[in-house]
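Asks: give me a model of this one.
(one chain, ligands or ions: 3)
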Amino acid sequence: MNLRKYFIMGSQNCNYTPEDVLEKAAQAGITAFQFREKGEGSLTGQDKLALGRRLRDICTRYNVLFFVNDDIDLVERLGADGIHVGQDDMRLKEVRKMFPDKIIGLSVSSQTEVENSSIELADYLGAGSVFATSSKDDAEQAVGTKWIKTLKRQFPDMPIVGIGGITEKNAASVINAGADGVAVISAITKADNVEVTVQNL
Ligand SMILES: Cc1ncc(COP(=O)(O)OP(=O)(O)O)c(N)n1
Ligand SMILES: Cc1nc(C(=O)O)sc1CCOP(=O)(O)O
Ligand SMILES: [Mg+2]
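Replies: Numbers count the residues shown, from 1 in each chain. Ligands and ions are numbered 1, 2, ... in the order given. Predicted structure coming up:
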């Protein structure tokens, strides 16, 4: 499971066609993708499903891991490799029961959340927000790279990806703190040159 360059996106994040954004990012070397069609301007119903299918196909062609954000119903329909859930989503125990063989990611942003979670049922952790972000309305306050270090010390064998406000300039600090990868939205969707940005990440 390679989560080193983990791109997250929905159509609401894109200034041009989402398929083109993902294709460029896949060509440039992202290792994982999460379909996060969520928030103002996002698609629903059949439109969401149809876009998910097109994005899934791109990931298959480039051998990029494909994750669904939150939406349990889409996991099998899109043939996803896995799903990412947070503290306000379906409980991890239930998700694991439904998908014993899929990769499951869980968000943790504080020690209290760690203590209230069945961490052992997850395959990787999303740790954030590392830095301030404008891509998620209800993001917790920035926790800094210290949170990555704290998590890695507690769970040395658990893959951890940093998320929130990560850019070409600060990605190295996240990896140096012990993260196995960086998860980004705007660093790629707002990049002047997606290829260069993905390489720099
Ligand atoms: C890799 C990764 N890490 C964290 C999150 C955030 O998940 P969540 O807290 O459930 O928030 P939403 O993304 O659902 O708004 C993530 N999506 N991916
Ligand atoms: C989807 C998401 N989850 C977060 C968390 O803290 O759990 S921050 C975030 C948005 C990340 O977008 P950007 O790379 O543009 O900051
Ligand atoms: Mg969620």
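Asks: so who does residue 37 touch?
Replies: 10-12, 43-44, 48, 51-52, 69, 71 (C-beta atoms under 8 Å, 6 or more residues apart in numbering). Bear in mind the C-beta positions are built from the backbone N, C-alpha and C, glycine included.
Asks: considering only those, which also neighbour ligand 1?
Replies: Contacts with ligand 1 within the contacts of residue 37, counted by C-beta under 6 Å from any ligand atom: residue 69.
Asks: hey, which helix is longest across this structure?
Replies: helix 45-62 (DSSP state H).
Asks: which elements pack onto it?
Replies: helix 18-28, strand 32-35, strand 65-69, helix 72-77 (3 or more C-beta pairs under 8 Å, 6 or more residues apart in numbering; DSSP states H and E).
Asks: residues in contact with residue 72?
Replies: Counting by C-beta under 8 Å, 6+ apart, residue 72 has contacts 83, 90, 95, 98.
Asks: ditto for residue 195
Replies: Here residue 195 is in contact with 24, 27-28 (C-beta under 8 Å, 6+ apart).
Asks: that one belongs to a strand?
Replies: No - counting by DSSP: H, G, I helix; E, B strand; the rest coil, residue 195 is not found in a strand; it is helix.
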